[in-house]
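my questions are about this predicted structure, shown below with the sequence.
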Amino acid sequence: MNINMGSLDRGLRALVGLALIVLPFVTSWALFSTSWVVYASVVIGVVLAGTAALGNCPIYRIFGIKTCKV
């Protein structure tokens, strides 16, 4: 599997992904008051964190985008 994400892209995805996973459980924001919003936030966070860990984004591959220098 080829890496198609640069380090800045991976770092931002990891940060946002982890925030979306953790925030519903540690905050009392009204945004996370319904269960489907919590589930959606966690699923999106897991996808973002997973693509950051692998360094490969399937959507980037479809559109031929590469943010890495290689």
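Received it, and whenever you're ready, just let me know what you need. Keep in mind it's a predicted model, so treat the numbers as computed, not measured.

wait, what's in contact with the residue sitting nearest the centre point of the chain?
In the chain, the residue lying closest to the centroid (CA atoms, centre = their mean) is L48, at 1.6 Å. Contacts for L48 (CB atoms under 8 Å, 6 or more residues apart in numbering) come out as R13, A14, V16, G17, L20. Glycine gets a C-beta too; all of them are placed from N, C-alpha and C.

could you list the buried residues of whichever strand or helix holds it?
Element membership for L48 (DSSP states H and E) is helix 35-54. Buried residues in helix 35-54, counting neighbours by 16 or more other CB atoms under 10 Å, are found at S41, V42, G45, L48, A49, T51, A52.

before we move on, back to that, are any of the contacts of L48 buried, and if so which?
R13, A14, G17, L20.

buried stuff in stretch 52-69?
In stretch 52-69, counting by 16+ other CB under 10 Å, buried: A52, G55, N56, C57, Y60.

with the residues you listed in mind, which one is nearest to F25?
A52 (20.0 Å; CB to CB).

pretty sure the closest one is touching I21, no?
No - in this structure A52 lies outside contact range of I21 using CB atoms under 8 Å: 12.0 Å.

what separates A53 from M5, distance-wise?
10 Å (CB to CB, to the nearest Å).

hang on, the earlier thing: how about the buried residues of stretch 52-69 in CSV, adding pLDDT and distance to C68?
Conversion of the buried residues of stretch 52-69 to CSV gives the following (pLDDT from 0 to 100; distance: CB to CB, whole Å):
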residue, pLDDT, distance to C68
A52, 96, 13
G55, 94, 8
N56, 94, 10
C57, 94, 11
Y60, 94, 10
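
which one of the residues you listed is nearest V26?
When these are compared for distance to V26 (CB to CB), A52 wins out at 20.5 Å.
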